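Engineer: Need coordinates for the following:
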Amino acid sequence: QLQASGGGLVQAGGSLTLSCAASGRIYSSAVMGWFRQDSGKEREFVAAIRWGRGSTYYADFVKGRFTISRSTAENTVYLQMNSLKPEDTATYYCAQGTSPENKPGAYSRWGQGTQVTVSS
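Structural biologist: So this is what the prediction gives:
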C-alpha cells in the first residue's frame with residue numbers, strides 16, 4: 001500500500017512537500033515515481049527516483065523547482081515542490097514500479113492521490 005499525503009491549497013510562488021509512505025519491502029531495483037492528473041487531462045510524469053541508487057528523473061516542466069528524495073529507513077518518498085504555479089494544480093499520485101521511469105504503464109502499485117491547488 002502507498003499512502004500519499006501533504007497536498008493542500010497554496011498561493012503561487014509557495015511550497016509544499018508531498019510524502020508517500022510505503023508498506024512492505026521496496027526492492028533496490030524499484031523505481032518510485034510521482035505523477036499528476038488534472039481534470040480532463042491525462043496522467044503525466046512528474047519525477048522519479050531509483051530506490052537503491054537514488055538516481056532521480058524529472059519532467060522538464062518541474063526541473064529546478066521540484067526535488068524528489070527518499071528515506072529508505074522510513075520507506076517514504078518525498079516531493080518537495082517550490083515556486084508553485086497555478087498550472088501545477090492537480091491530483092498528485094505516487095507509484096512504485098520499474099523502468100521506464102516516465103511511463104505510467106511501468107508502475108504497478110499506486111497511491112490514492114493527494115490534491116494540490118495553487119491559487120494565482
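Engineer: all strands for the chain, in order.
Structural biologist: Along the chain, counting by DSSP state E, strands occupy 2-5, 8-11, 16-22, 31-37, 44-50, 56-58, 66-71, 76-81, 90-97, 107-110, 114-119.
Engineer: Let me have the ones you listed in CSV, adding mean neighbour count and mean pLDDT as columns.
Structural biologist: Where C-beta positions appear, they are placed from N, C-alpha and C, glycine not excepted. CSV is the format used below for the strands of the chain (neighbours: other Cβ atoms under 10 Å; pLDDT from 0 to 100):
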stretch, mean neighbour count, mean pLDDT
strand 2-5, 18, 96
strand 8-11, 13, 98
strand 16-22, 20, 97
strand 31-37, 23, 97
strand 44-50, 22, 97
strand 56-58, 17, 96
strand 66-71, 18, 98
strand 76-81, 23, 98
strand 90-97, 22, 97
strand 107-110, 16, 94
strand 114-119, 17, 98
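Engineer: What lies in contact with stretch 95-113?
Structural biologist: Stretch 95-113 is touched from outside by 2-4, 20, 22, 26, 29-35, 37, 43, 45, 48, 50, 57, 59, 91-94, with contacts defined as Cβ atoms under 8 Å, 6 or more residues apart in numbering.
Engineer: can you count the residues close to the closest residue in space to residue 22 that isn't next to it in sequence?
Structural biologist: Closest residue to residue 22 apart from its sequence neighbours, by Cβ to Cβ, 6 or more residues apart in numbering: residue 75 at 4.7 Å. As a burial measure, residue 75 scores 17 neighbours (other Cβ atoms under 10 Å).
Engineer: for residue 83, same thing?
Structural biologist: Neighbours of residue 83 using other Cβ under 10 Å come to 13.
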